[in-house]
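1. could you look at this predicted model? Sequence included:
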There are 2 protein chains.
Amino acid sequence: MDVLVPFSVTAPKTRLAGILSADERAEFARTMLADVCTAITDSGGSPTVLSTEQFDCEWSLITDERPLTAAVNDRLDPPIAVVMADLALATPTALSTLFDADGEVVIAPGLGGGTNAIVVRHPDFYTDYHDTSLADHRRIAAEVGATVTEIDSFRLAVDIDEPEDLVELALHGTGRASTWLEDAGVDLALQPSGGRTTITRDRD
Amino acid sequence: MDVLVPFSVTAPKTRLAGILSADERAEFARTMLADVCTAITDSGGSPTVLSTEQFDCEWSLITDERPLTAAVNDRLDPPIAVVMADLALATPTALSTLFDADGEVVIAPGLGGGTNAIVVRHPDFYTDYHDTSLADHRRIAAEVGATVTEIDSFRLAVDIDEPEDLVELALHGTGRASTWLEDAGVDLALQPSGGRTTITRDRD
């Protein structure tokens, strides 16, 4: 399976600004990208990083400075998959389930209505990553008459965008990004009052 | 599979207080409980509601007013499962994957380090639902020498606790709870600025 991995070089992961500096966010984003591309390769897929600009990268890289939707749609030659670069919990097993599922459009939904990964086998399907993209992709698939399969995977549902997502990485990560996070002093915070676990950072 | 479904009758779902009134939260919690018990039954399991007090309930019900951990551990006679009553996205397929998985302890992790569902086949294992229960359950399993399997399921990972969880229910729900939510006027809010989808409520 050919897999596009969109990646933004400039100012990635801004919603983690309260925890990581700009330089750290850039390094963390590239570490997650490496984990994702490794998992894709280990699942038998061929990743191509679709980047907003050139950078030193060990995988095949093409650049397109346009917004995500336009850059992806120009290269949506079926069969093809698009996997987000911040799926740091993705394993080869989870990705194989996605790539091997039947359906002209196969979607791994993300938290909050995102489309974290998608396989496109229908020639008329196109992406729309604005707003609640899951709802848009369901609608577009219906409009072009493509069958849709949705994958039930926690590991593909969690993209690392918000501080609370770092909890999931700390608890479930198996790659370089979780080691990076640990080395940066980001750890789980105790929740004696109940509720979901949050994170804290020890900068010593 | 015998399945305990812990349920708190008094003041459930307090973290949804900004969106639903106390009466609505009580009704919503019972609607989710019904969806969960139905999904368990449809997967071939036998649900028993483990409630903090008596109430009119169509499933087998036992009461225990103690905290969750003590009430569950007193009834943890393997093989047995414990499934939380607010897993409103749970499907028979997702639950069957959990019940059928190999392992002396099988865990469906929840967002934020919770243990949304667990199968116990080892006589010495016990639960601890305080704090980051996933980490505690991994530790306890290691201490008693039980093998652990963790299930990769988005539908079992999302418990409906926080307002953002209602987004997942609105997008992925197939049971009575998602219909209840829609009838209550809770709907997705547009996110033109990006980020995860949130919800809004129309009280007209």
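-> Arrived safely. Source: prediction; values computed, not measured. Numbers count the residues shown, from 1 in each chain, chains lettered A, B, ... in the order given.
2. so what's the residue nearest to the spatial centre of chain A closest to, chain neighbours aside?
-> In chain A, the residue lying closest to the centroid (CA atoms, centre = their mean) is A:M84, at 2.7 Å. Nearest residue to A:M84 in three dimensions, chain neighbours excluded: A:N116, at 5.1 Å (CB to CB, 6 or more residues apart in numbering or on different chains). C-beta: built from backbone N, CA, C; applies to glycine.
3. with A:R75 instead?
-> Closest residue in space to A:R75, ignoring its immediate chain neighbours: A:L4 at 6.1 Å, by CB to CB, 6+ apart.
4. which stretches of chain A have low pLDDT?
-> A:190-194, A:204 (pLDDT under 70).
5. what about the strands in it?
-> Here chain A has its strands, by DSSP state E, at A:2-7, A:46-51, A:60-63, A:80-83, A:105-110, A:114-120, A:148-150, A:186-189, A:198-201.
6. how about a markdown table for those, with mean neighbour count added?
-> Formatted as a markdown table, the strands of chain A follow (neighbours: other CB atoms under 10 Å in any protein chain shown):
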| stretch | mean neighbour count |
| --- | --- |
| strand A:2-7 | 22 |
| strand A:46-51 | 20 |
| strand A:60-63 | 14 |
| strand A:80-83 | 23 |
| strand A:105-110 | 24 |
| strand A:114-120 | 25 |
| strand A:148-150 | 16 |
| strand A:186-189 | 18 |
| strand A:198-201 | 14 |
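7. now those in a markdown table, with distance to B:I19?
-> Shown next, in a markdown table, are these (distance: least, CB to CB, whole Å):
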| stretch | distance to B:I19 |
| --- | --- |
| strand A:2-7 | 34 |
| strand A:46-51 | 38 |
| strand A:60-63 | 44 |
| strand A:80-83 | 33 |
| strand A:105-110 | 22 |
| strand A:114-120 | 22 |
| strand A:148-150 | 26 |
| strand A:186-189 | 26 |
| strand A:198-201 | 21 |
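8. up against chain B, what does chain A have?
-> A:15, A:91, A:93-94, A:109, A:111-114, A:130-132, A:134-135, A:152-157, A:161-162, A:164, A:167-168, A:171-172, A:188, A:190-192, A:194-198 (CB under 8 Å from any CB of the partner chain).
9. in helices only, show me the residues you listed.
-> Using DSSP state H, the members of those that fall in helices are A:93-94, A:134-135, A:154-157, A:164, A:167-168, A:171-172.
10. only whichever of those are buried, select them in ChimeraX.
-> For the buried members of those, the matching ChimeraX selection, counting by 16 or more other CB atoms under 10 Å in any protein chain shown, is:
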select /A:94,134,135,154,155,156,157,164,167,168,171,172
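11. correct me if wrong: A:L171 contacts B:S133.
-> No: taking contacts as CB atoms under 8 Å, A:L171 lies outside contact range of B:S133: 11.0 Å.
12. shared neighbours of these two, anything?
-> By CB atoms under 8 Å, 6 or more residues apart in numbering or on different chains, A:L171 and B:S133 have these common neighbours: B:G113.
13. report the longest helix in chain A, please.
-> Chain A, longest helix under DSSP H: helix A:22-42.
14. tell me the buried residues in that one?
-> In helix A:22-42, counting by 16+ other CB under 10 Å, buried: A:24-26, A:28-40.
15. elements contacting that helix?
-> Secondary-structure packing of helix A:22-42 (3 or more CB pairs under 8 Å, 6 or more residues apart in numbering or on different chains; DSSP states H and E): strand A:2-7, strand A:46-51, helix A:92-100, helix A:176-183.
16. and the longest one, what does it pack against?
-> When contacts are defined as 3+ CB pairs under 8 Å, 6+ apart, helix A:92-100 sits against helix A:22-42, strand A:80-83, strand A:105-110, strand A:114-120, helix A:154-157.
17. want to throw those into TSV with distance to A:V148?
-> TSV is the format used below for those (distance: least, CB to CB, whole Å):
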stretch	distance to A:V148
helix A:22-42	22
strand A:80-83	15
strand A:105-110	5
strand A:114-120	10
helix A:154-157	16
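18. for A:V158, which non-adjacent residue is spatially closest?
-> Of all residues not flanking A:V158 in the chain, A:E168 sits nearest, at 4.7 Å (CB to CB, 6+ apart).
19. could you measure from that neighbour over to B:G112?
-> For A:E168, the distance to B:G112 equals 8 Å [CB to CB, to the nearest Å].
20. which residues touch the nearest residue to A:V167 once chain neighbours are set aside?
-> Among residues not flanking A:V167 along the chain, A:T197 sits closest, at 5.1 Å (CB to CB, 6+ apart). Counting by CB under 8 Å, 6+ apart, A:T197 makes contact with A:V167, A:L171, A:L188, A:A189, A:Q191, B:G112, B:G113, B:D131, B:T132.
21. now do 6 Å
-> A:V167, A:L188, A:Q191, B:G112, B:G113, B:T132 (CB atoms under 6 Å, 6 or more residues apart in numbering or on different chains).
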